[in-house]
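Undergrad: my questions concern the predicted model and sequence given below.
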Amino acid sequence: MAPHAGPAERTRLTAAGFDAQYRRLAARAAWAAGGRGALAALTPARVLAATREVSTGRTVTLAAPVETRAGPDNPEPARHRMNGQPEERASDGLDFAMDRFAMNVHGDADSHIDALCHVIYDGTLHGGVSASSITSSGATALSIEAARDGIVGRGVLLDIPRTRGVAWLEPGDHVTLDDLTAAEAAQHVRVSEGDLLFVRVGHRRRRAELGAWPAARARAGLHPSALDFLADRRVAVLGGDGNNDTAPSSTEGVDFPVHVLAVHAMGLHLLDYLQFEELAPVCEAEGRWSFLCVIAPLRLPDATGSPVNPIAVL
């Protein structure tokens, strides 16, 4: 089993070091500088190839149930209200049950996808688009509408706790580049250009077994150095069962370095707070960690993200 933390990768990044990494990754991702970002890698040929991953037809959700109760990691839970009162409904003839939902899309509990307009860094969005394109009415550029036709491709799950031989990564721990390559070797899979990469840290299992905690202050995630792996492989999407960023941050002056590097520099749509506790056992049982994946964000033309329910098809 490979060591999970090399000394160089554990080192806290200075502001200058982060800036150098940002510039390097942005230059390497110049191919993804358009309005769809790295989704440009999902060519019709790659989508067609991804359909060949299906062998059993089994479908598995990668989303957690939407939560409507407040908790340490969810102070503003989604609100679900029924329209009308059940006792007012007619006892005969036709009637309809109806309800209403409201939610904070970018919270620390519900599964969601970040659009390319979500991250503002040094006054700009991905590709140098001015932050002034975000108005009180919504995003006029790089909104989740870029994914209106869905995101379909070959999904790959890298299970870091499995590789390390633990149930989950503790809050504050980092997934390093070495972790990702070790998981590939252990799982006999290779991440390729255009893949939808999902990285399990075990956040959901820890939460289910130990209870919720203030994840905004302490959570496992990727170390910024791990983004070189994504650049090498030219992945189209990154998703995790946590926030993808570690807390506390490893980077001087930047609280969410992975969000800045992935979304702003590399043009990757991020999926946060997914859950892989149903998918991982299926992959283990079938002896394969790749699958067809279908992601269908809501049609919210001016939104910075969307609740999401990705489906793996094996």
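TA: Nice, thanks for sending it over.

Undergrad: can you list the weak-confidence ranges in the protein?
TA: 1-11, 86-90 (pLDDT under 70).

Undergrad: tell me the residue furthest from the middle of it?
TA: In the chain, the greatest distance from the average C-alpha position (CA atoms, centre = their mean) is reached by residue 92, at 46.6 Å.

Undergrad: what are the boundaries of the helices in this structure?
TA: 7-10, 15-28, 44-50, 160-164, 177-187, 203-210, 227-233, 257-259, 279-286 (DSSP state H).

Undergrad: which one of those helices has the most crowded surroundings?
TA: Greatest average neighbour count among the helices of the chain goes to helix 257-259 (a mean of 24), per mean count of other CB atoms under 10 Å. No exception for glycine: its C-beta is placed from N, CA and C like everyone else's.

Undergrad: other residues contacting it?
TA: Residues outside helix 257-259 that contact it (CB atoms under 8 Å, 6 or more residues apart in numbering) are 13, 18, 114, 118-119, 221-222, 224, 226-227, 244-246, 249-251, 270.

Undergrad: for residue 131, which of the helices of the chain is the nearest?
TA: helix 257-259 (14.9 Å; CB to CB).

Undergrad: and the residue farthest from the centre of the chain, backbone torsions?
TA: The phi/psi pair for residue 92 (degrees, to the nearest 10) reads phi -140, psi 170.

Undergrad: the longest strand in the protein is where?
TA: Secondary structure of the chain per DSSP state E: the longest strand is strand 151-159.

Undergrad: which residues of the stretch 1-150 of the chain fall in strands?
TA: Assigned by DSSP state E, counting those that start in this stretch, the strands in the stretch 1-150 of the chain fall at 59-61, 79-83, 98-102, 112-114, 134-135, 138-139.

Undergrad: what about the nearest residue to residue 308 once chain neighbours are set aside, neighbour count?
TA: Nearest non-adjacent residue to residue 308, counting by CB to CB, 6 or more residues apart in numbering: residue 113, 4.5 Å away. Neighbour count of residue 113, defined by other CB atoms under 10 Å: 27.

Undergrad: same question, residue 249
TA: Around residue 249 there are 18 residues (other CB under 10 Å).

Undergrad: so what's residue 22 up against?
TA: Counted by CB under 8 Å, 6+ apart, residue 22 has contacts 260-261, 264-265.

Undergrad: would you list the buried entries among those residues?
TA: 260-261, 264-265 (16 or more other CB atoms under 10 Å).

Undergrad: among the contacts of residue 22, which one sits closest to residue 167?
TA: residue 261 (28.1 Å).
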